[in-house]
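Engineer: I would like the atomic coordinates for the input below:
(chains A, B, C and D)
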Protein chains: 2
Amino acid sequence: MRDNIPENAAVRLSLYLRHLRKMKKDKVISSEELAEFIRTSGARVRKDLSFFGQFGTTGKGYVVGELEDTISKILGLDQVWTVALVGAGKLGMALLEYSGFKESGFHIRIAFDVDQSKIGEKLVGVPVYHPYQMPKEIRQQEINMGLIAVPAEAAQESADLLIISGIRAILNFASATLIVPSYVKLMQVDLTSQLEIMAYFLSHTREEKILTKRPKWR
Amino acid sequence: MRDNIPENAAVRLSLYLRHLRKMKKDKVISSEELAEFIRTSGARVRKDLSFFGQFGTTGKGYVVGELEDTISKILGLDQVWTVALVGAGKLGMALLEYSGFKESGFHIRIAFDVDQSKIGEKLVGVPVYHPYQMPKEIRQQEINMGLIAVPAEAAQESADLLIISGIRAILNFASATLIVPSYVKLMQVDLTSQLEIMAYFLSHTREEKILTKRPKWR
DNA sequence: GAGTGTGAATGTATTCACAGCA
DNA sequence: TGCTGTGAATACATTCACACTC
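Structural biologist: This next block holds a predicted model:
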């Protein structure tokens, strides 16, 4: 247990969890079954879990409810995480209105924007401040994470402010490559980049590949 | 050149491109400089490019404008890509309104929704159809890619319809693990999952790590 | 001299395969 | 018998290091 955990074990754990949540809590599931859903191997599932302990019953599998709790704890989801939104434009508003966050224990508590007409108001129940108030407000309200939804030009500045304010995890929606210290976890959601990758795939996939590699599908 | 291309070379190429676009076209840049921006090594940049040919000048580096064109071609961005949106709710609308797509050569040409009040209308200039018209319309209008922005329960169904309609690249925003044939490129944008990964990071990063691994920062 | 292009060396992730247990 | 947990084997990705060119 726990020699060295693969970089993206957390990614997979999150996916396992998503699947487990949809299942009956008292069902028993094998690593192979769970793996199939996430498009990986049973061995990978077992190894991912083995880094953190032994949760299965030999010869049986894993009890769904137990495993769900275990993974939740591993991911740190046994607490509420507080989130700050930087940028309350169209995208920012969509994020504020997205209910999925709260359901999963992520609460957007505060927003920042330079638009004077928004400052002092509440948007979807969330108070809006000017960015210069970030260090003070984020510390006071003990915010854990930041979402950046500003234009690309302002993204680095926003990140710098968040980091100065003590934030150690940032989800960036701006189409900009941010530079952050390595003790900050930066994740990127860049739609244009994703489409470009799909374009690459479409451009480079030849018919032969499609025909020869056709797999079992559902 | 071109023995076997790493899975995520396309991801990095897209990032290189983003940086090059911001630079003077006649500047010459070394692999090391380009790498620094993207947080990788010069060797990795050179290797990524070497899969596709030789584009640099020994002893000098790469001409920004030329490299930009080259990478654009590699990614298949020398054409317009047509996109279908499935689900015209809040998120769908935000996607329709997002101007970044068109700037990069991705045009949302058609949308699908089950909401009768939207069908037959145009949203942000894009006509809305009922999903049952997908196979016909997508073929007729020669759409290349699909965006799924429906509730999780309807996501698999939407994917199936897109695939039946001939779509080979799907960007899924629903919080659902979709099953698609391997000849379809599926990319996932799952905000909840991203936040969970950040929670994991925050839960498992100990102070010692922060202190010992402190790096150069800007 | 400076920096590309690339085989060889290293490091990391995934898969294999099986001992051991319910 | 069926499936976990895990070392060993394999595959894959990254980095190193240097011959070669402008």
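Engineer: touching, residue A:147 and residue A:110? I think so.
Structural biologist: No: counting by Cβ atoms under 8 Å, residue A:147 does not reach residue A:110; the two are 10.8 Å apart. (Each C-beta comes from the backbone N, C-alpha and C, glycine too.)
Engineer: quick one, which of those two is more surrounded?
Structural biologist: More crowded of residue A:147 and residue A:110, by other Cβ atoms under 10 Å in any protein chain shown: residue A:147, with 28 against 22.
Engineer: helices of chain A, start to end?
Structural biologist: Assigned by DSSP state H, the helices in chain A fall at A:9-21, A:31-38, A:42-50, A:64-75, A:90-97, A:100-103, A:134-140, A:152-164, A:191-204, A:207-212.
Engineer: of all these, which lies closest to DNA strand C?
Structural biologist: helix A:42-50 (3.9 Å; Cβ to the nearest atom of the strand).
Engineer: chain center to that closest one: distance?
Structural biologist: When C-alpha coordinates are averaged (Cα atoms, centre = their mean, to the nearest Å), helix A:42-50 and its chain have centres 21 Å apart.
Engineer: could you do stretch A:165-179 as well?
Structural biologist: For stretch A:165-179, the distance to the chain centre is 13 Å (Cα atoms, centre = their mean).
Engineer: what comes up buried for that stretch?
Structural biologist: When burial is assessed from 16 or more other Cβ atoms under 10 Å in any protein chain shown, stretch A:165-179 yields the following buried residues: A:165, A:167-178.
Engineer: name the residues of chain A found near DNA strand D, please.
Structural biologist: Residues of chain A lying near DNA strand D by Cβ under 7 Å from any atom of the strand: A:1, A:3, A:30-32, A:42-43, A:46-47, A:49-50, A:54-62.
Engineer: would you list the buried entries among those?
Structural biologist: A:30-31, A:46, A:49, A:55-56, A:61-62.
Engineer: how about a markdown table for those, with pLDDT added?
Structural biologist: Shown next, in a markdown table, are these (pLDDT from 0 to 100):
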| residue | pLDDT |
| --- | --- |
| A:30 | 97 |
| A:31 | 97 |
| A:46 | 97 |
| A:49 | 97 |
| A:55 | 96 |
| A:56 | 93 |
| A:61 | 96 |
| A:62 | 98 |
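Engineer: picking up where we left off before, list just the nearest of the buried residues of stretch A:165-179 to residue B:129.
Structural biologist: Of all the buried residues of stretch A:165-179, residue B:129 sits closest to residue A:173, with 28.6 Å by Cβ to Cβ.
Engineer: that closest one: what's it in contact with?
Structural biologist: By Cβ atoms under 8 Å, 6 or more residues apart in numbering or on different chains, the residues touching residue A:173 are A:91, A:95, A:147-149, A:189-190.
Engineer: contacting residues around residue A:34?
Structural biologist: Counted by Cβ under 8 Å, 6+ apart, residue A:34 has contacts A:16, A:19-20, A:42, A:45, A:62.
Engineer: if I look at the closest residue to residue A:49 other than its chain neighbours, how far off is DNA strand C?
Structural biologist: Among residues not flanking residue A:49 along the chain, residue A:55 sits closest, at 5.7 Å (Cβ to Cβ, 6 or more residues apart in numbering or on different chains). Distance of residue A:55 to DNA strand C, given as Cβ to the nearest atom of the strand, to the nearest Å: 13 Å.
Engineer: now do residue A:88
Structural biologist: Applying Cβ to the nearest atom of the strand, one obtains 36 Å for the distance of residue A:88 from DNA strand C.
Engineer: circling back: which of the buried residues of stretch A:165-179 fall within strands?
Structural biologist: Of the buried residues of stretch A:165-179, the ones assigned to strands by DSSP state E are A:169-172.
Engineer: now distance to residue A:183 and pLDDT too, for the residues you listed, in TSV please.
Structural biologist: Shown next, in TSV, are those (distance: Cβ to Cβ, whole Å; pLDDT from 0 to 100):
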residue	distance to residue A:183	pLDDT
A:169	10	97
A:170	12	98
A:171	16	98
A:172	16	97
